[in-house]
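Engineer: Sequence plus the predicted model coming up.
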Amino acid sequence: MDLPSSPTSQFSLTVIVRVRRERLARLRDLLDRIRRETIALMEGEATATAVPFAAMRTVHFARWVLIDSHRGFMTGPQLVFSTNYDGPVGDERCSEDEALRRHIAEVVEHAYAALHSLYECCEGYAPEGDDPQSLRRSLEAFLSAPDRRYPSSTFYVGAPGRSRDQILGEAALRRRVDEVIDRKQREPGWPPNDSVAIRRDIVEALGERPPVFPPQPSIFAGPQWTLKVIGLVVLLLLVFLLVTTGNYLFWMLWPQASSWFSTASMTVAVGLSALVVYRYLKLILPEPGWLIRGAVVGLLVITSLVGSMLASWDRLTTFSWQLQLAIAAAAIIAAAPWRSWRLSLALTGFVAVAALIVATPDFHQPALIDWCYAFTVLTLAVTIIVVILSYLERRARRHLHALEATDPPFEPYYTEVEFALSERSSRDENRFYQNQLSNIAVLKAGAFRALLIRGVFYALQLLARTVYNKGKLGDIPTIHFARWVLINQGEDALFLSNFDSSWQSYLGDFIDKASTGLTAVWSNTVGYPRTRDLLYAGSEDADRFKAWARHIQIPTQVWYSAYPGLSIRNINDNTITRRGLADLEGVSAQEWLNALHGRQL
């Protein structure tokens with residue numbers, strides 16, 4: 001199996017459709033048959049399957065979850081189909097739209113007959129015809145429809161950058177290394193005492209060198225991030241000086257230049273400066289850094305507008321059309337990172353109108369005495385804003401404390417329905433080394449909680465992409481993929497996770513190693529144990545938390561893993577093993593030997 005030399009992007013797909021009540025029993029039977037076939041497939045039995053997941057090279061994990069109406073989360077049963085999938089192998093820059101199109105096409109190509117049978121039981125599915133080509137087209141359109149796809153509010157990848165084929169290929173490479181070690185250990189006098197010599201002997205006996213694969217970057221770690229921040233500050237200062245004093249400096253350096261040429265030159269310079277700032281931010285901040293990029297560039301636009309208006313020296317003339325053109329260009333750049341086209345249009349329109357006002361012949365700069373007075377006005381404005389924000393923060397904290405003191409926590413109770421649901425939810429647990437979890441929590445009522453949980457989701461997503469990208473979510477080293485998805489008009493939070501070891505140990509890791517982040521999300525849902533300051537307590541009430549977690553868990557009808565016997569530690573160590581064979585200088589011999597943690601050398 002060929003190993004890529006560059007990372008591959010991973011994405012999440014969540015499709016939710018309503019089930020026709022009269023066909024619910026039929027759907028259950030179909031899902032149960034697919035479940036049995038999928039388990040046999042994962043156990044290595046050579047059996048024909050209606051959904052040949054192993055043939056789908058983009059799929060890491062997949063599941064179908066049937067949400068029953070009696071759970072009270074919605075008005076009727078719903079079927080959830082979710083996958084964790086790859087974009088094109090070795091193409092880290094592939095867009096999500098293109099990756100999704102290819103992924104759905106692959107799933108439909110291999111399993112259109114089974115998908116047709118499943119979604120015949122759901123609302124909205126109306127195939128064009130009954131021939132295979134028509135079914136494929138209908139299913140691709142059905143699964144791709146935006147009203148059925150739900151974006152992940154937070155998406156975590158335990159082994160980022162590695163495709164399914166790469167994970168399987170590196171596992172095969174590791175097995176060959178183990179075979180070499182087994183043979184070498186039968187030789188007298190082996191292994192040598194030097195770790196460098198051990199690796200050299202293994203490389204020679206292996207007879208191959210895999211392609212180099214880069215280590216996973218982290219932009220918020222080490223001196224490189226400090227240098228990036230310093231570079232951003234210096235760049236913003238230079239742009240600010242250019243915007244506020246550029247005309248004056250241009251006139252000082254070239255007094256013979258015409259006003260038209262001066263204005264045009266400064267227009268180009270300001271527009272290019274805004275573009276450079278945006279590109280620099282895009283370089284140092286990965287997704288979802290679009291929010292930060294948009295905020296910084298938008299601040300630059302506003303600073304440019306205010307700074308030019310407050311310029312009061314006689315030799316610093318109005319920016320006139322230069323201001324209009326530069327602000328319009330910067331507005332488009334500032335709007336580009338925003339994903340909401342309405343917000344982009346509003347920002348561009350606001351700045352364009354402001355630029356037109358400034359550019360009118362009757363507009364005159366404010367009659368301020370000098371820059372000191374302007375600085376005083378700006379300082380006063382900033383102070384007022386800070387005071388207002390501080391007041392709002394205190395009010396929000398008090399409101400949060402009041403809610404935390406009065407929100408009723410979950411009270412464990414036993415009923416036959418609860419026991420039966422728990423039995424169904426845990427039916428296939430511990431069959432493999434990996435396990436899965438699906439649950440739904442109802443969001444607490446009110447705009448405050450809705451805004452709060454979305455802010456927490458954004459912060460967690462930024463951390464997942466930039467900090468927690470080395471195989472650990474917080475200090476939890478067992479999660480392969482996890483996501484939160486807001487469904488049912490944002491009233492419920494669906495949580496889907498794929499993890500190592502047992503349900504009990506997984507929940508224990510949440511309590512011991514990631515209580516803060518977990519509590520920040522689930523404290524905004526009904527029944528979660530009492531919290532303090534949004535982040536604390538909560539899951540520390542371990543017995544109540546585990547009872548609540550089992551209560552909101554829903555049965556997963558079908559679950560598939562492409563590598564059910566590999567832990568996230570195995571996957572990451574296999575990558576180090578591969579990198580240590582390909583790049584003897586980039587990975588030390590001792591680090592390489594440490595990755596072979598199961599070997600006694």
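Structural biologist: Structure's in. What do you need? These numbers were taken from a predicted model, which means no experiment stands behind them.

Engineer: Only C-alpha atoms from now on, for both contacts and neighbour counts.
Structural biologist: Will do.

Engineer: Spit out the contact partners of Leu3.
Structural biologist: By Cα atoms under 8 Å, 6 or more residues apart in numbering, Leu3 lies in contact with 165-166, 169-170, 210-211.

Engineer: typed the wrong thing, it's Tyr112
Structural biologist: 132, 135-136, 139 are the contacts of Tyr112 under Cα under 8 Å, 6+ apart.

Engineer: ok but it is inside a strand, no?
Structural biologist: No. Counting by DSSP: H, G, I helix; E, B strand; the rest coil, Tyr112 is located in no strand; its state is helix.

Engineer: Is the spatially most central residue of the chain in a helix, a strand, or coil?
Structural biologist: Centroid-nearest residue in the chain, with Cα atoms, centre = their mean: Phe155, separated by 4.0 Å. State at Phe155, reduced to three classes by three-state DSSP: strand.

Engineer: Wasn't Val65 part of a strand?
Structural biologist: Yes. Using three-state DSSP, the assignment for Val65 is a strand.

Engineer: Residues in a beta bridge with it, which ones?
Structural biologist: Beta bridges link Val65 to Val80, Thr556, judged by DSSP bridges.

Engineer: Any idea how many residues pack against the nearest residue to Asp68 once chain neighbours are set aside?
Structural biologist: Nearest non-adjacent residue to Asp68, counting by Cα to Cα, 6 or more residues apart in numbering: Pro77, 4.6 Å away. Using other Cα atoms under 10 Å, Pro77 has 20 other residues around it.

Engineer: how close does Pro77 sit to Leu66?
Structural biologist: Using Cα to Cα, to the nearest Å, we find Pro77 at a distance of 7 Å from Leu66.

Engineer: from what I can see the residue nearest to Asp68 touches Leu27, true?
Structural biologist: No. Assessed by Cα atoms under 8 Å, Pro77 is found out of contact with Leu27, at 11.0 Å.

Engineer: distance from the centroid: which residue in this protein tops it?
Structural biologist: By Cα atoms, centre = their mean, the chain has its most distant residue from the centre at Gln256, 54.3 Å.

Engineer: tell me the secondary structure for it?
Structural biologist: coil.

Engineer: What's the separation between it and Ser265?
Structural biologist: From Gln256 to Ser265 the distance is 14 Å (Cα to Cα).

Engineer: for the residue nearest to Asp68, what are its contacts?
Structural biologist: 18-21, 66-69.

Engineer: Mind checking which of those are buried?
Structural biologist: 18-21, 66-68 (16 or more other Cα atoms under 10 Å).

Engineer: a markdown table please, covering those and showing distance to Val277.
Structural biologist: What follows is these, written out as a markdown table (distance: Cα to Cα, whole Å):
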| residue | distance to Val277 |
| --- | --- |
| Arg18 | 46 |
| Val19 | 49 |
| Arg20 | 52 |
| Arg21 | 55 |
| Leu66 | 47 |
| Ile67 | 47 |
| Asp68 | 50 |
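
Engineer: and Arg279, what element?
Structural biologist: helix 259-284 (DSSP states H and E).

Engineer: Check Val442 too.
Structural biologist: strand 434-442.

Engineer: now that strand: how far from the chain's centre is it?
Structural biologist: 18 Å (Cα atoms, centre = their mean, to the nearest Å).

Engineer: That one: which residues count as buried?
Structural biologist: 434-442.

Engineer: I'd like the mean pLDDT over it, please.
Structural biologist: Averaged over strand 434-442, pLDDT sits at 93.

Engineer: Mind giving me the packing neighbours of it?
Structural biologist: strand 492-500, helix 542-552, strand 556-561 (3 or more Cα pairs under 8 Å, 6 or more residues apart in numbering; DSSP states H and E).

Engineer: ok, 7 Å please
Structural biologist: strand 492-500, helix 542-552 (3 or more Cα pairs under 7 Å, 6 or more residues apart in numbering; DSSP states H and E).

Engineer: Put the buried members of the contacts of Tyr112 into a ChimeraX selection.
Structural biologist: The ChimeraX command for the buried members of those (criterion: 16+ other Cα under 10 Å) is given here:
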select :135,136,139
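
Engineer: Out of the contacts of Tyr112, which is nearest to Leu100?
Structural biologist: Proximity of the contacts of Tyr112 to Leu100 (Cα to Cα) peaks at Leu139, which lies at 13.7 Å.

Engineer: For the helix or strand containing that closest one, which outside residues touch it?
Structural biologist: Assessed by DSSP H and E, Leu139 sits inside helix 132-144. By Cα atoms under 7 Å, 6 or more residues apart in numbering, the surrounding residues in contact with helix 132-144 are 15, 104-105, 108-109, 112, 125, 127-129.

Engineer: do the same with stretch 385-404
Structural biologist: For stretch 385-404, using Cα under 7 Å, 6+ apart, the contacting residues are 530-533.

Engineer: try stretch 158-167
Structural biologist: Residues contacting stretch 158-167 (Cα under 7 Å, 6+ apart): 3-4, 7-10, 57-60, 86, 89, 469-472, 479-481, 568, 571-572.

Engineer: likewise stretch 79-97?
Structural biologist: Residues contacting stretch 79-97 (Cα under 7 Å, 6+ apart): 4-19, 58-67, 99, 163.

Engineer: filter those to the buried ones?
Structural biologist: 4, 6-19, 58-67, 99, 163.

Engineer: From the residues you listed, which land in helices?
Structural biologist: Ala99 (DSSP state H).

Engineer: among the buried ones among the contacts of stretch 79-97, which are in strands?
Structural biologist: Among these, DSSP state E puts 10-18, 59-67 in strands.

Engineer: ok, of the helices and strands packed on strand 434-442, where does mean pLDDT dip lowest?
Structural biologist: Looking at those, the weakest mean confidence is helix 542-552, a mean of 89.

Engineer: quick one on the thing from earlier: okay, the contacts of Tyr112 in a markdown table with distance to Arg454 and pLDDT next?
Structural biologist: Shown next, in a markdown table, are those (distance: Cα to Cα, whole Å; pLDDT from 0 to 100):
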| residue | distance to Arg454 | pLDDT |
| --- | --- | --- |
| Pro132 | 42 | 90 |
| Leu135 | 38 | 93 |
| Arg136 | 36 | 94 |
| Leu139 | 32 | 95 |
